[in-house]
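Colleague: sequence isn't available, so here's the structure alone:
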């Protein structure tokens, strides 16, 4: 699973591609130094946290399981799953999301 790199309190490292230029494993400050716009940095951060969220969600609800629950699951099963997914998605939009905050979210 993708994890937030919190070893030695290092800043997260983001990757971003614009046109034929790729920036790989850069801090937010390094992206700025390369001339990336705030919108591009926001996109890189969204991609980073969305990747972590995807792997966290599919740890509990694989894609096939999500489809099955959505198609034939009970209302209680659907509510439980969708509430969990929504909470994880909300986590990605929070300011400076942490691994501890993510792991506190359980289905």
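Modeller: Thanks, I have the structure now. Model, not experiment: these values are computed from the prediction.
Colleague: where does the protein have low pLDDT?
Modeller: The model of the chain has pLDDT under 70 over residues 1-9.
Colleague: what about the strands in it?
Modeller: Under the criterion DSSP state E, the chain contains strands at 14-18, 21-26.
Colleague: can you tell me which of these is most buried?
Modeller: strand 14-18 (a mean of 17; mean count of other C-beta atoms under 10 Å). For glycine as for every other residue, the C-beta is placed from the backbone atoms N, C-alpha and C.
Colleague: what's that one packed up against?
Modeller: When contacts are defined as 3 or more C-beta pairs under 8 Å, 6 or more residues apart in numbering; DSSP states H and E, strand 14-18 sits against strand 21-26, helix 28-33, helix 38-60.
Colleague: list the buried residues of the longest one.
Modeller: By 16 or more other C-beta atoms under 10 Å, the buried positions in helix 38-60 come out as 40-41, 43-45, 48-49, 52-53, 56-57.
Colleague: and those as CSV, adding distance to residue 63?
Modeller: Formatted as CSV, these follow (distance: C-beta to C-beta, whole Å):
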residue, distance to residue 63
40, 29
41, 29
43, 24
44, 25
45, 24
48, 21
49, 19
52, 17
53, 14
56, 14
57, 9
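Colleague: which of those residues sits closest to residue 94?
Modeller: residue 49 (9.0 Å; C-beta to C-beta).
Colleague: number of residues surrounding the closest residue to the closest one other than its chain neighbours?
Modeller: Spatial nearest neighbour of residue 49, chain neighbours left out: residue 92 (4.3 Å); criterion: C-beta to C-beta, 6 or more residues apart in numbering. As a burial measure, residue 92 scores 18 neighbours (other C-beta atoms under 10 Å).
Colleague: spit out the contact partners of residue 92.
Modeller: For residue 92, the contacting residues are 46, 49-50, 52-53, by C-beta atoms under 8 Å, 6 or more residues apart in numbering.
Colleague: farthest pair in the residues you listed?
Modeller: The widest separation within the contacts of residue 92 (C-beta to C-beta) is 11.0 Å, between 46 and 52.
Colleague: okay, the helices and strands packed on strand 14-18 in a markdown table with distance to residue 79 next?
Modeller: As requested, those are arranged in a markdown table below (distance: least, C-beta to C-beta, whole Å):
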| stretch | distance to residue 79 |
| --- | --- |
| strand 21-26 | 39 |
| helix 28-33 | 36 |
| helix 38-60 | 15 |
